[in-house]
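[1] Below is the structure, and that's it, no one-letter string:
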């Protein structure tokens, strides 16, 4: 009877140690590939989560800036109503100083 072909990776009985080493190397390589794949999936998930958080913070910050802009505009208009358009810069300065000192005075 003709000799039976060896299983893949098996060359002979004498090469058994080499074959075991090849199988062990193959198993180790597959584990590294699986770990690398898991690591890449985790990195993608983290990036996606951080992206969502960044978008939320960006929207929130935009809302705060809009509110601040509206407050500044309202304060500017109120100040102009109090001071008036035709008042000199010296008078404006006096009114402004009076407003700050009134705000700073204890109640």
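    Alright, I've got the coordinates. Given the structure is predicted, the values throughout are model-derived calculations rather than measurements. Numbering: from 1, shown residues only.

[2] Count the neighbours of residue 79 for me.
    13 (other Cβ atoms under 10 Å). Bear in mind the C-beta positions are built from the backbone N, C-alpha and C, glycine included.

[3] Next, find the distance separating it from residue 70.
    According to Cβ to Cβ, to the nearest Å, residue 79 stands 15 Å off from residue 70.

[4] Which secondary structure element is home to residue 72?
    helix 16-83 (DSSP states H and E).

[5] For that helix, name the packing helices and strands.
    Applying 3 or more Cβ pairs under 8 Å, 6 or more residues apart in numbering; DSSP states H and E, one finds that helix 16-83 contacts helix 89-104.

[6] can you tell me the average pLDDT over the helix it packs on?
    The pLDDT scores in helix 89-104 average 63.

[7] Ok, stretch 67-74 next?
    Mean predicted lDDT for stretch 67-74 stands at 95.

[8] Point out where the protein drops to low pLDDT.
    Low-confidence segments of the chain (pLDDT under 70): 1-16, 85-96, 98-107.

[9] go with 80
    1-17, 84-107 (pLDDT under 80).

[10] how much space between residue 67 and residue 61?
    11 Å.

[11] same check, this time on residue 22
    The separation that residue 22 has from residue 61, given Cβ to Cβ, amounts to 57 Å.

[12] Equivalent analysis for residue 54, please.
    Distance of residue 54 to residue 61, computed by Cβ to Cβ: 10 Å.
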